[in-house]
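> Dropping the sequence and predicted coords here.
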Amino acid sequence: MIRSDKLNEFWFDIIKNRFPKVQNWSKRTLQNQCRHRIDWLRTMGFIRFDKGFYTLSESGLSFVQRNPPEAIAIQKQEIKAEEHELKKMLLGSFEPFSKLEGKAVTLRRFYVRDRAFRVIVTAQYEHYCAICGFGIQTPQGYHEAEAAHIVPKQKLGTDDPRNGMCLCSTCHWLFDEGILSILSDSYSVIIASYLADKGVDSSVDRILSYKNKLIRTVKNSRFSPAIEALQWHNEHIFLG
Ligand SMILES: [Zn+2]
């Protein structure tokens, strides 16, 4: 529990060593930046206020520790503008790899783009996992499902919405590790043979049951996962 007048100091304490440039902010900048971001964390449901005290949830703490200040308190209009940019990509032919990376991209833009990608992709699946169908949200409306890149960001995968799928955190992990993949011609799930062959461990039965399952269809077919992206995933990430 944090007293309301101590919240700025608390936030500064968490991030000052991790993101040293914050230490050069003047007291006034810090005050403004903190207030702005704390308001945002409250709207996101990470901070609760009760009888003069704030409580930062576990997920809020890990979010603040994980993300530099640039990633926090991104404004709705910034995301909207970037959503517009990403949707424009749908008009052209699909390019699996990002062209943006070669140019200087500000850290802020990088996070705005990430958020816009998430907004577009998860909305197309109504926040349900494309593979297992799981979907849950907090009372504040924070959804568990994430936007996964089919060609991963580390491999310079594009933020074109056709390089995305909405997945729950478990399926996202299975997909990124190559344990699951999606056939590009039928949009059905394939499972790495080592797992199927293991057979005896009942804890993976749920995963094995996804075999041949058709993934959830998007609301607007223009946003369907790109065949080229799925093929790339099958060839380079899928364990086979
Ligand atoms: Zn799932």
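Cool, got the structure.

> Touching stretch 162-175 from outside, list them.
With CB atoms under 8 Å, 6 or more residues apart in numbering as the test, stretch 162-175 has contacts from 89-90, 94, 96, 117, 120-122, 124-125, 127-132, 134-135, 144-151, 157, 180-182, 207, 215-216, 223-226, 229, 233, 237. For every residue, glycine as well, the C-beta is placed using N, CA and C.

> which of those residues are close to the ion?
129, 131, 132, 134 (CB under 5 Å from the ion).

> would you turn those residues into JSON lines with pLDDT and distance to residue 31?
Shown next, in JSON lines, are these (pLDDT from 0 to 100; distance: CB to CB, whole Å):
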{"residue": "129", "pLDDT": "98", "distance to residue 31": "41"}
{"residue": "131", "pLDDT": "98", "distance to residue 31": "45"}
{"residue": "132", "pLDDT": "97", "distance to residue 31": "45"}
{"residue": "134", "pLDDT": "96", "distance to residue 31": "41"}
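
> one step back: show me which of the contacts of stretch 162-175 are buried.
89, 96, 117, 120-122, 124-125, 127-132, 135, 145-151, 157, 180-182, 207, 215-216, 223-226, 229, 233, 237 (16 or more other CB atoms under 10 Å).

> contacting residues around the helix or strand hosting residue 206?
Element membership for residue 206, per DSSP states H and E: helix 205-208. Identification of contacts with helix 205-208 by CB under 8 Å, 6+ apart yields 132, 174, 179, 180, 191, 195, 196.

> From the rest of the structure, what touches the helix or strand just after that helix?
Toward the C-terminus, helix 205-208 is succeeded by helix 227-236 as the next helix or strand (DSSP H and E). For helix 227-236, the surrounding residues in contact (CB under 8 Å, 6+ apart) are 94, 96, 150-151, 155, 157, 162-163, 175, 178, 181-185, 190.
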